[in-house]
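J.: Return atomic coordinates for the entry below.
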Amino acid sequence: MSKKAGHQARKRFGQNFLHDPGVIERIIRAIHPRPDDTIVEIGPGLGAITEEILSVNARLQVVELDRDLIPVLRTKFFNYPEFRIHEADALTFDFSQIAGEKPLRIIGNLPYNISTPLIFHLLSQAGVVQDMHFMLQKEVVQRMAAVSGDNNYGRLGIMTQYFCKVQPLFEVGPGAFRPAPKVDSAIVRLVPHAELPHPAKDFTTLQDVVRTAFNARRKTLRKALGNLVTVEQLQALGINDGLRPENLSLADYVSIADMLAAEKGVEKDSEGISEDNND
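T.: Numbering: from 1, shown residues only. Predicted coordinates for the structure are as follows:
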């Protein structure tokens, strides 16, 4: 497929082009695009999913970083005058600038090498998003959906679930791509909460607490969070200081962060989110 289009997948962009018709059909069914949706595709590649979306929604917008793919896409979809290409890096792209009256529906086969920081970037703009459907490395999806007590549970899952409902949909084998990656992939649906289930008084403080805890995830809480809270403070919140970071729920982390925010005299929540990918 890439040879016919005159474009070879580039390792530096983490490109693996989807070509399996059966997988593409399942993805389209999961997205269920409608003509009046405001849909944005990240990294359209050679347009396998793009083509199917355009047949339903001719106003599709895409964000593509690889300059060599731009003319390929323009040529392939020349008969869709409302099709718009944003030549930009999705890691820094302001998605809120293209949100209109309807919230965005964001889709994409995300490069594995930037998937985690890209997810954090998108979470920071969840207020203008209706839902997101992504192809990701299977392990990343498992981490996003993990609950307390799971081995995969960590900062990515907690921060994603703070903003969104996480729904793993189905797995995709390496053979569905050219070139075939060395790992399995999975499709995940992220739906931003209409109301945050556990809103923090200060989101920045929550990020600091979660990041600090999982930087020492093998230690007990009394050690992992020793520079932030005392054993007495944890016990006052009803939290066992002998537990490990992976044993606490999102609600537990919010309660710790709220206590620290109250000590600082914080009155208003910060909506920003740090986009580093330490988990």
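
J.: Residue 190 pairs with what?
T.: Residue 190 has these beta-bridge partners by DSSP bridges: residue 132, residue 166.

J.: any weak-confidence spans in the stretch 101-250 of the chain?
T.: Scanning the stretch 101-250 of the chain for pLDDT under 70 picks out 181.

J.: any chance you could map the strands in it?
T.: Assigned by DSSP state E, counting those that start in this stretch, the stretch 101-250 of the chain shows strands spanning 104-109, 129-137, 164-172, 177-178, 185-192.

J.: where's the second one relative to the chain centroid, distance-wise?
T.: Mean C-alpha position of strand 129-137 versus that of the full chain (Cα atoms, centre = their mean, to the nearest Å) differs by 6 Å.

J.: okay, the angle between it and strand 104-109?
T.: Counting by axes from the mean of the first three to the mean of the last three Cα atoms, to 10 degrees, strand 129-137 points 10 degrees away from the direction of strand 104-109.

J.: which residues does the most centrally placed residue in the chain contact?
T.: Against the mean C-alpha coordinate of the chain, by Cα atoms, centre = their mean, the closest residue is residue 119 at 2.8 Å. By Cβ atoms under 8 Å, 6 or more residues apart in numbering, residue 119 lies in contact with 110, 134, 140, 144, 156, 160. Every residue, glycine included, has its C-beta placed from N, CA and C.

J.: In contact with the fifth one, which residues are there?
T.: It stands for residue 156. Taking Cβ under 8 Å, 6+ apart, one finds 116, 119, 140, 143-144, 279 in contact with residue 156.

J.: Over to the third one?
T.: Remark: with contacts taken as Cβ under 8 Å, 6+ apart, residue 140 is in contact with 112, 115-116, 119, 156.

J.: now do 6 Å
T.: residue 115 (Cβ atoms under 6 Å, 6 or more residues apart in numbering).

J.: Repeat that for the second one.
T.: The neighbourhood of residue 134, defined by Cβ under 6 Å, 6+ apart, consists of 108, 110, 188.

J.: just the first one next, same as before
T.: With contact taken as Cβ under 6 Å, 6+ apart, residue 110 is in contact with 118, 134, 136.

J.: As TSV, these with distance to residue 17 would be great.
T.: Listed next are the contacts of residue 110 as TSV, based on distance: Cβ to Cβ, whole Å:
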residue	distance to residue 17
118	18
134	16
136	16
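
J.: now, among those, which is nearest to residue 66?
T.: Comparing the contacts of residue 110 against residue 66 with Cβ to Cβ places residue 118 closest, at 15.2 Å.

J.: Neighbours of the closest one, how many?
T.: 23 (other Cβ atoms under 10 Å).

J.: now residue 264
T.: As a burial measure, residue 264 scores 10 neighbours (other Cβ under 10 Å).

J.: Going by distance to residue 171, which of the contacts of residue 119 wins?
T.: Taking Cβ to Cβ as the measure, residue 171 lies nearest residue 140 of the contacts of residue 119, at 12.3 Å.

J.: Now, the contacts of residue 156 that are in helices?
T.: Residues of the contacts of residue 156 located in helices (DSSP state H): 116, 119, 140, 143-144.

J.: Quick check: closest non-adjacent residue to residue 188.
T.: Closest residue to residue 188 apart from its sequence neighbours, by Cβ to Cβ, 6 or more residues apart in numbering: residue 141 at 4.6 Å.

J.: Since that was my last question, I'll sign off now.
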